[in-house]
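# Pasting a predicted model and its sequence here:
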Amino acid sequence: MDIQASADANGPSAAVLGRLLVIQQAVDAIPDDIRMVDFVLRALSGVPGIADIFLHLVGVNEPDPQLAALLERCATVIPDQPTHNLLRELGPDIQCFPMDTPGQHLGCLVVFVGDKQALQPYLPFLSNISSTINRVLASRRYQLRLAQLNEELREARDQLEMRVAERTRELEYRATHDPATGLPNRALLIDRLQNAIVDARREGHLVAVVYLDLDSFSFMNTGLGNDCGDAFLVETARRLCRLVRESDTVARIGSDEFVILLAGLENIERSSARLSAMLAAVREPVALDGKQVVVTASIGACVYPLDGAEAELLLRRANTAMHRAKASGKDNVQFYASTRDAPVAERMELETELRHAIGAGELTIHYQLKLDVAANRYVGAEALVRWAHPKRGLLPPGRFIPIAEDSALIVALGEYVLRRACLQARLWQEAGLEGMTVAVNVAARQLRDERIVETVRQVLRDTALAPELLELEITESSIMHDLAHASELLHKLKGLGVKISIDDFGTGYSSLSALRNFPADKLKIDRSFVHEIETVPSAAAVALAVISFARTLGMRVNAEGVETLGQAQCLKKHGCDELQGFLLARPVPPEQVPALFRQPGLAEWNPAGP
Ligand code: C2E
Ligand code: MG
Ligand code: MG
């Protein structure tokens, strides 16, 4: 930029002065420092007397090292005085206008003087311009600092808020959780239960409140110390949590008391297995301090809405039921009164009681005799288990075998019956009941386990019963879902010398061709066909087809559930080998068997007649 100097050589040029005033005002409007430097240098370069000019702003542009050394001298930091931009002489022809604010040196305007005299009248204006730059810079630095401070403040506030939130969460967690196990505590449990009730009411679901109390847990604290007690609780919590879904809650609400909420249930029946699984999980030994510790639990349960619609009430009722479980010998499940009659509750109770029944000798075995048709004499008996329940009386197997099958208890129960029946058969041999076989029912679940072969071998050895006197009855339905595996296992069993019969034949929808290579010695026609053999032609057809099929494969045929003489005659006519049913004998306790066995069979078939 070139400033037209006036012709008046003695005084300042009005044009230059006007221009300098414009420059002074323009500085304010230039938004950034670099452009400001550029503008000022170009604008001032035409001022009379100036050889060269340099505007140094700290942190914006740097002077060359030589000038920088000179500028050092002008860098005064004004501590608390208002701005004074005193002209300084840095060298014989170098004028400098420092720009300082309290506490800060912002830069300087350096003028290399060409003609001192010509410059003289403009010096005050240059000083004003440098003051303006100084003011603008100071204000910008201040704004910048302010923004920085604001940012720092915001960051500090954010951090504080984060810490407060963290701490609040921590406090909330502590207020709602048990410190030892990390499980929800009573307060959170009630909250969750209330929510579960609201959801269940809306969706028409049920909520089970399960109160689990460890049996004799206090002995552990006193015997092994509190640390072991705590470790045991943690392990118990872990086991319980594994058995519930994400939507359920496991809470610890007292020293050895847990409450489990099973939410959103469609029916109680499905959850019954989970309650016994909880008992079983607690009962598993826990390794503590080098010892295997076994602690059992008692469970009381109640159900929304059957037992109440309010959280605290449900909890109290579950607790009442838990105390009943304690009173009935611990290690069992009891439901609150109004659910007690529900089938699930009965099932649960039976399962618990059944576990003890075997050891307590409550299972007894009745025997039903089988008649050989050709010889018209008894040849064996089927062992049928009963449960002499201390409160419910004599229970038929239909009431508890399915429960035992569901819970794996069947394996122990099956072995028990097998052992007792084999021993009984051996005793009958010794008592002179010659050739008397004994048939034992084997459940599907027992067949899934290879160990059955070893069990049978062991029992035969222990009881010294001749293997051919033992018959294993396997239902058709239990072999059908894995025929190949069943076939292999039965081959092994047969290898021991025992006989195999297929029970309830006709109900399992087996394909006859599949049975061709099956290692069975006998088919037992299901009693539903026998029952209708005289009245329903299709039932008769099935019975007859089975008989001829078995004959072809060289198997014997037994007909179960023979109740009338007519049925017996019909079966005999079609070549059935063996009969079993109320017509001949009902299942009876073992002491009645010898007398029945020695009877002559069906009187109508005796040569002498009835
Ligand atoms: P199953 O093996 O088919 O036994 C025959 C069932 O028919 C027995 O019922 C017997 O009492 C019944 N029965 C016999 N003759 C007649 C008759 O003329 N009319 C009628 N209506 N019924 C007759 P129970 O003793 O109630 O046994 C039912 C089922 O329980 C047995 O059917 C068997 O599958 C199972 N079971 C019994 N004991 C055991 C056992 O020790 N282990 C296993 N796994 N299952 C067993
Ligand atoms: Mg049977
Ligand atoms: Mg049967």
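Nice, I can see it. Ligands and ions are numbered 1, 2, ... in the order given.

# May I see the buried residues of the strand ranked longest in the chain?
Longest strand of the chain, by residue count under DSSP state E: strand 377-389. For strand 377-389, the neighbour count (16 or more other C-beta atoms under 10 Å) marks 378-387, 389 as buried. (Glycine included, C-beta is placed from N, CA and C.)

# Kindly report the same for stretch 34-47.
Residues 36-37, 39-41, 43-44, 47 are the ones in stretch 34-47 that count as buried (16+ other C-beta under 10 Å).

# Return the backbone torsion pair for Gly107.
Main-chain dihedrals, Gly107, degrees, to the nearest 10: phi 150, psi -160.

# how much space between it and Gln148?
20 Å (C-beta to C-beta, to the nearest Å).

# same question, Arg586
On the measure of C-beta to C-beta, Arg586 and Gln148 end up 100 Å apart.

# Is there contact, residue-wise, from the helix or strand encompassing Glu353 to ligand 1?
Per DSSP states H and E, Glu353 falls inside helix 343-359. No. Contact check for helix 343-359 against ligand 1, using C-beta under 6 Å from any ligand atom: none in range, with a minimum separation of 11.6 Å.

# Let me know the angle separating that helix from strand 377-389.
Between the axes of helix 343-359 and strand 377-389, defined by axes from the mean of the first three to the mean of the last three C-alpha atoms, to 10 degrees, the angle is 110 degrees.

# Helix 343-359: how far from the chain's middle?
27 Å (C-alpha atoms, centre = their mean, to the nearest Å).

# Next: stretch 221-235.
Using C-alpha atoms, centre = their mean, the offset of stretch 221-235 from its chain centre is 25 Å.

# Just checking: what are the partner strands of the helix or strand hosting Pro98?
Counting by DSSP H and E, the element that carries Pro98 is strand 94-101. Using DSSP bridges, the strands paired with strand 94-101 are strand 88-91 (antiparallel), strand 104-113 (antiparallel).

# which one of the buried residues of stretch 34-47 is nearest ligand 1?
Met36 (100.1 Å; C-beta to the nearest ligand atom).

# Helix, strand or coil: sort out that closest one for me.
helix (DSSP: H, G, I helix; E, B strand; the rest coil).

# quick one, what contacts it?
27, 30, 57, 133, 136 (C-beta atoms under 8 Å, 6 or more residues apart in numbering).

# How about Ala263?
With C-beta under 8 Å, 6+ apart, Ala263 has these contacts: 192, 196, 199-200, 205, 207, 247-249.

# Next to ligand 3, which bits of this protein? Give me the list.
503-504, 560 (C-beta under 5 Å from the ion).

# ok, longest helix in this structure?
helix 123-176 (DSSP state H).

# What is it packed up against?
Applying 3 or more C-beta pairs under 8 Å, 6 or more residues apart in numbering; DSSP states H and E, one finds that helix 123-176 contacts helix 14-29, helix 33-44, strand 94-101, strand 104-113, helix 186-203.

# do that again at 7 Å, thanks
helix 14-29, strand 94-101, strand 104-113, helix 186-203 (3 or more C-beta pairs under 7 Å, 6 or more residues apart in numbering; DSSP states H and E).

# now the angle between helix 123-176 and the second one, please.
Computed by the same axes, to 10 degrees, the angle separating strand 94-101 from helix 123-176 equals 30 degrees.

# Restrict strand 94-101 to CA atoms and write it as PDB.
Provided in PDB are the C-alpha atoms of strand 94-101 (Å, rounded to 0.1, in the frame of the first residue of the first chain):
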ATOM      1  CA  ILE A  94      15.300   1.300  15.200                       C
ATOM      2  CA  GLN A  95      12.300   2.400  17.100                       C
ATOM      3  CA  CYS A  96      10.100   0.000  19.000                       C
ATOM      4  CA  PHE A  97       6.600   0.200  20.300                       C
ATOM      5  CA  PRO A  98       6.200  -2.500  22.900                       C
ATOM      6  CA  MET A  99       2.800  -4.000  23.500                       C
ATOM      7  CA  ASP A 100       2.400  -5.100  27.100                       C
ATOM      8  CA  THR A 101      -0.400  -5.800  29.400                       C
END
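
# What are the buried residues along it?
The neighbour-count check on strand 94-101 (16+ other C-beta under 10 Å) flags 94-101 as buried.

# Check stretch 395-402 too.
395, 397, 399-401.

# Columns pLDDT on top of the residues you listed, output as TSV?
As requested, the buried residues of stretch 395-402 are exported to TSV (pLDDT from 0 to 100):
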residue	pLDDT
Leu395	93
Pro397	95
Arg399	90
Phe400	91
Ile401	91
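
# Fine, thanks again, bye for now.
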